[in-house]
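**Student:** all I have is the shape, not the residue letters:
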Ligand SMILES: [Zn+2]
């Protein structure tokens with residue numbers, strides 16, 4: 001489906017498609033949780049379907065639609081990040097990784113199997129390492145006929161400017177807030193969590209907000225644990241063991257966000273991010289020195305980098321380092 005906040009962008013591209021003016025490379029950019037992949041999927045279906053309707057929606061039952069639904073369309077290729085989080089030039093055949101950039105470039109130079117477009121999706125585009133990005137440049141500059149490149153990107157500033165400038169930007173970073181809030185309220189139904197707060201905490205991204213709503217209870221529990229740890233009523237190793245059962249990336253993202261807020265309070269920045277936790281965070285901030293918070297934030301960010309960079313990391317070990325740091329800091333200053 002095309003989400004309400006994407007409708008006008010989709011209509012423009014559909015019109016361009018009907019008039020043979022669709023750009024050969026689109027950069028779908030915006031924070032995670034904006035539905036960019038879903039949007040990309042709709043575009044791919046529109047371009048490949050034999051009988052899209054008047055709104056550009058795929059018919060769902062032609063041969064092309066079937067092939068696409070089975071991930072088997074010979075005129076479509078999807079380039080995804082490999083284990084390291086990067087997109088490279090060469091595919092690692094042994095590991096069964098997704099096609100990488102060289103294969104995508106070769107694919108663009110082939111003739112389409114069904115006489116329609118060939119479509120390449122690259123996601124996340126900022127995952128391309130420098131060599132991969134450079135290998136794609138020529139195709140972006142002089143695209144073969146009837147080729148559509150869809151670059152899905154969560155953080156467009158991380159893309160090489162040479163890549164950015166060769167794509168038409170479809171910007172999802174500032175969706176209409178009425179549309180996103182309405183959508184969220186419809187989806188939340190009986191959930192009492194405040195839609196405005198959820199959207200605020202999710203950078204305005206409605207799907208991320210919905211995801212957060214589902215984790216709202218867990219977030220409260222983790223924050224309670226965090227408070228107990230800082231009052232030294234919770235033993236750090238036991239807590240780390242407990243926390244390791246959670247989604248570690250999410251948990252660490254919360255911890256980092258709370259620590260950053262504590263620093264904002266210390267540095268007397270006007271606003272803090274976790275508005276719903278403000279009262280408690282202000283109390284906690286009184287008990288720590290700025291320097292202590294800075295060094296703990298360093299530890300947390302380092303854990304974040306390790307977590308993103310390697311696959312065989314032991315989450316509990318990372319969490320132990322963090323909880324011990326907080327525990328010692330809390331003890332040290334309360335003596
Ligand atoms: Zn179809």
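**Tutor:** That came in fine, so what should we check first? Keep in mind that what you see is a predicted model, and the values were worked out from it rather than measured. Residues are numbered from 1 along each chain as shown.

**Student:** quick check: residue 294 touching residue 260?
**Tutor:** No: with contact defined as CB atoms under 8 Å, residue 294 does not count as touching residue 260 (10.5 Å). C-beta coordinates here come from the backbone N, C-alpha and C atoms, glycine included.

**Student:** between those two, who's got more neighbours?
**Tutor:** Here residue 294 and residue 260 are compared on neighbour count by other CB atoms under 10 Å; more neighbours surround residue 260, at 18 against 13.

**Student:** what about the more buried one, distance to the ion?
**Tutor:** Remark: distance between residue 260 and the ion (CB to the ion, to the nearest Å) = 47 Å.

**Student:** again with residue 256
**Tutor:** Separation of residue 256 from the ion (CB to the ion) stands at 44 Å.

**Student:** burial of that residue, as a residue count?
**Tutor:** 17.

**Student:** how about the secondary structure of it?
**Tutor:** For residue 256, the secondary-structure state derived from DSSP: H, G, I helix; E, B strand; the rest coil is helix.

**Student:** list, one by one, the residues from the stretch 1-150 of the chain near the ion.
**Tutor:** Where proximity means CB under 5 Å from the ion, the interface of the stretch 1-150 of the chain facing the ion comprises 49, 58-59, 62, 65.

**Student:** show the buried residues in the residues you listed.
**Tutor:** Burial by neighbour count, judged by 16 or more other CB atoms under 10 Å, picks out 49, 58, 62, 65 from those.

**Student:** any residues touching stretch 121-140, and which ones?
**Tutor:** When contacts are defined by CB atoms under 8 Å, 6 or more residues apart in numbering, stretch 121-140 is touched by residues 25, 27, 37, 40, 44, 76-81, 85-89, 100-102, 104-105, 108, 147, 149-156, 158-160, 162-163, 166-167.

**Student:** show me what counts as buried in it.
**Tutor:** Of the residues in stretch 121-140, those buried by neighbour count under the rule 16+ other CB under 10 Å are 121-128, 132-133, 135-136, 139-140.

**Student:** same deal with stretch 183-202?
**Tutor:** 183-184, 188, 193, 195, 197-199, 201-202.

**Student:** again with stretch 60-67
**Tutor:** In terms of neighbour count (16+ other CB under 10 Å), stretch 60-67 has its buried residues at 62, 64-65, 67.

**Student:** which of these sits closest to residue 271?
**Tutor:** Ranked by distance to residue 271 (CB to CB), the buried residues of stretch 60-67 are led by residue 65 at 47.6 Å.

**Student:** low-confidence regions, the stretch 101-250 of the chain specifically.
**Tutor:** In the predicted model of the stretch 101-250 of the chain, no residue satisfies pLDDT under 70.

**Student:** take the buried residues of stretch 60-67 and keep only those in helices.
**Tutor:** Using DSSP state H, the subset of the buried residues of stretch 60-67 located in helices is 64-65, 67.

**Student:** any chance of these in JSON lines, plus pLDDT?
**Tutor:** Conversion of those to JSON lines gives the following (pLDDT from 0 to 100):
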{"residue": "64", "pLDDT": "95"}
{"residue": "65", "pLDDT": "96"}
{"residue": "67", "pLDDT": "96"}
